[in-house]
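A.B. asks: Need a 3D model of the sequence below.
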Amino acid sequence: MAKNSIDAYGASGKTNVLNFETDALTIITDPAHPLYDERIHLPLDESMVLNIMALGVREPILVWKDPEAGLVIVVDGRQRVRHAEEANRRLAARGEPLILVPGVAQRGTMETMGDLMISMNEARRDDSPLVRARKMAAFVGRGYSEQRLALIFACNELTVRNTLSLLDCTAAVQSAADAGQITLTHAKALAKLKPEEQRAKVAELVEAGKDARPHERSRKQAAVMGERPRVKSRKQILAALEQAQGDYAAALRWVLGEST
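C.D. replies: All right, here's what the predicted structure looks like:
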């Protein structure tokens, strides 16, 4: 007789995971609503869309049914749902099966859901660049291509190459990248230098970016690297923003006039 999942995995209990069509889920867009999160206005990440099209949504979202409105509201996982919606739009155009989004239902008041939403967002931590590089390297050792790595890590192939280059850098460069003081693009360029040159140059980069606003730091550090300023069109900036994160993303939004 087959074991149930609790016995098979040695778990202490289980939670019912529901599967939702994206149309059945509601993402709050009203800024006055307690469950509103302004990050729903961020541009879609093409890499994440492709990742979901290939692998589906693997991490369940959290949902709550508003007893007054009768809506199934997304409490945590808005970006997964937004990207799944775009993935399904493309799959439907191809005549392929649509993706269902796994979700775990939450019970409680709207106030409790608001607390849960904030807690989930603030407690979540991404891998540091160096940890991510080590993970990628482990997959490379198993024969994974850059294209496949880009798919499973939800990024582009250039980001894969830049991230892996961090493993060829000195500890000083790795620490600066992990601290967000330099970009992976800087790390890739520094990896080509001799160890003593890397340490000297990264010290210059960190000093140039110290106490500077994102756009100012980008300009100063470009000067340290001897990079010529390149004027991009608005279309190019928007395309870059879809892949950008952290300070670089903030700098691009500043250029577009979307933040101060």
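A.B. asks: Every contact and neighbour count from this point should use C-alpha atoms.
C.D. replies: Will do.
A.B. asks: shouldn't Met113 be in contact with Asp76?
C.D. replies: No: assessed by CA atoms under 8 Å, Met113 is found out of contact with Asp76, at 9.3 Å.
A.B. asks: I figured Pro60 was touching Leu100, is that so?
C.D. replies: No: here Pro60 does not reach Leu100: they are 10.5 Å apart, not a contact under CA under 8 Å.
A.B. asks: Any regions of the stretch 51-200 of the chain where pLDDT drops low?
C.D. replies: In the predicted model, the stretch 51-200 of the chain carries pLDDT under 70 at residues 124.
A.B. asks: How is this protein divided into domains?
C.D. replies: As recorded under automatic domain parsing, the domains making up the chain are 15-123, 129-229.
A.B. asks: As JSON lines, the ones you listed with distance to Leu256 would be great.
C.D. replies: Below are those laid out as JSON lines (distance: least, CA to CA, whole Å):
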{"stretch": "domain 15-123", "distance to Leu256": "13"}
{"stretch": "domain 129-229", "distance to Leu256": "11"}
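A.B. asks: possible to save these as a markdown table with mean neighbour count?
C.D. replies: Listed next are these as a markdown table, based on neighbours: other CA atoms under 10 Å:
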| stretch | mean neighbour count |
| --- | --- |
| domain 15-123 | 16 |
| domain 129-229 | 17 |
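A.B. asks: Out of the ones you listed, which is closest to Gln236?
C.D. replies: Evaluated over the domains of the chain, closeness to Gln236 peaks at domain 15-123, with 13.6 Å, by CA to CA.
A.B. asks: C-alpha coordinates for stretch 68-84, CSV please?
C.D. replies: Output of stretch 68-84 as CSV, limited to C-alpha atoms (Å, rounded to 0.1, in the frame of the first residue of the first chain):
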residue,chain,number,x,y,z
GLU,A,68,-17.3,41.5,1.8
ALA,A,69,-16.3,41.6,-1.9
GLY,A,70,-16.0,37.9,-2.5
LEU,A,71,-12.6,38.4,-4.2
VAL,A,72,-9.6,36.1,-3.9
ILE,A,73,-6.9,38.7,-3.2
VAL,A,74,-3.2,38.1,-3.6
VAL,A,75,-1.5,38.8,-0.2
ASP,A,76,2.0,37.6,-1.2
GLY,A,77,3.3,36.7,-4.7
ARG,A,78,2.0,39.6,-6.8
GLN,A,79,5.0,39.5,-9.2
ARG,A,80,4.6,35.8,-9.7
VAL,A,81,1.0,36.3,-10.7
ARG,A,82,1.7,39.3,-12.9
HIS,A,83,4.4,37.4,-14.8
ALA,A,84,2.2,34.3,-15.0
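A.B. asks: which other helices and strands contact the longest helix seen in the chain?
C.D. replies: When the chain is parsed with DSSP state H, its longest helix is helix 78-94. For helix 78-94, the elements it packs on are helix 46-55, judged by 3 or more CA pairs under 8 Å, 6 or more residues apart in numbering; DSSP states H and E.
A.B. asks: angle of the helix it packs on against helix 78-94?
C.D. replies: With axes from the mean of the first three to the mean of the last three CA atoms, to 10 degrees applied, the angle from helix 46-55 to helix 78-94 works out at 60 degrees.
A.B. asks: which helices and strands does the strand or helix carrying Glu197 pack with?
C.D. replies: Using DSSP states H and E, Glu197 maps to helix 195-209. The contact analysis (3+ CA pairs under 8 Å, 6+ apart) places helix 195-209 against helix 171-178, helix 184-190, helix 214-224.
A.B. asks: Could you check the angle that helix makes with helix 171-178?
C.D. replies: Angle of helix 195-209 versus helix 171-178, following the same axes, to 10 degrees, is 30 degrees.
A.B. asks: from the chain's centre, how far out does helix 195-209 sit?
C.D. replies: Put simply, helix 195-209 sits 27 Å off its chain's centre (CA atoms, centre = their mean, to the nearest Å).
A.B. asks: do the same with stretch 25-37
C.D. replies: The answer for stretch 25-37 is 21 Å, by CA atoms, centre = their mean.
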